[in-house]
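**Student:** Here is my input, please return the structure:
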Amino acid sequence: MIVDLLLHCPITHLKFPVDTEDAVSLLPLVLSELNQLKKLRSLSITLLPADMVLQSMEIISTSCPNLQYLSHIPLPMDHKSHMALLAHLTRLAHLRVLEVDIQDWAPPLTPPFQRTVAASLRMVLPKLRFIFFWGRYERTLWSWAPEDVEPIHVRTQPVFPAEVREAGAAEGGRGGTGEGASESAGTGGAAAAAAAASTAEETISYVGLDGWRNSWSAGQNYANSTVWRTAVP
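**Tutor:** Alright, predicted model coming up:
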């Protein structure tokens, strides 16, 4: 009854626990109905069972594609489940803040590896700016701050497809016949290749792992966390 009433309200921020057997059994139904909340931007689900994370994320990613904040998602350890989670997250193109639960990781996910995970998450969430890692005893915030880092510049190497090589040979072939023509063809082909190289080469700039900064760590308390209300307007 309460859920039905909520679905007809202009809710932008929503938080609820999955702390009873009834809540677990009703979770897929509740999540599938969230598509009625057209203005929903922030969703916080506490105590989400780890064995329901992929099923839940599949529903959330289709029902709430405009989310800007999402928590507290248990982060899978095994590679197959982790990749499946990333596939679901790709649908959340507007997500700016993500909170993940790593309490069950063994060994624990230490800060250097948290930074790597943050980088992998941003590959599928291009607008991600903040990620919280909830450990067994504390939570850690990582912030994406590329403006504070000197970018890496890489000059690309030109690759000549068969069409470019053939065009160079044809250009040189117009110079004449016989031995002189062969020399001309070689010169013409080299000139065409040089022209292609100058066109194909470019410099790419990017920010690596250093773009992620460890902002702070604090004690963890799901119940008292207010980030879901303040992270997005």
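**Student:** ok, which stretches of the chain are strands?
**Tutor:** Using DSSP state E, the strands of the chain run over 13-17, 42-46, 69-74, 97-101, 130-134, 138-144, 152-155, 203-206, 212-219.
**Student:** By mean pLDDT, show me the worst of the ones you listed.
**Tutor:** Of all the strands of the chain, mean pLDDT reaches its minimum on strand 203-206 (a mean of 59).
**Student:** got the domain boundaries for this protein?
**Tutor:** 2-147+211-230, 157-201 (automatic domain parsing).
**Student:** Which of the strands of the chain sits closest to residue 112?
**Tutor:** The closest of the strands of the chain to residue 112 is strand 212-219. By CB to CB, the value is 9.8 Å. In short, each C-beta sits where N, CA and C put it, glycine included.
**Student:** contacting residues around the spatially closest residue to residue 119 that is not a sequence neighbour?
**Tutor:** Take residue 119 and drop its neighbours on the chain: the residue closest to it by CB to CB, 6 or more residues apart in numbering is residue 209, 5.5 Å away. Shown in contact with residue 209 (CB atoms under 8 Å, 6 or more residues apart in numbering): 115, 116, 119.
**Student:** Scan those and report the most crowded one.
**Tutor:** In terms of neighbours by other CB atoms under 10 Å, these top out with residue 115 at 19 neighbours.
**Student:** Count the neighbours of the closest residue to residue 228 other than its chain neighbours for me.
**Tutor:** With sequence-adjacent residues excluded and distances taken as CB to CB, 6+ apart, residue 228 is closest to residue 44, at 3.8 Å. A count of neighbours around residue 44, defined by other CB under 10 Å, yields 23.
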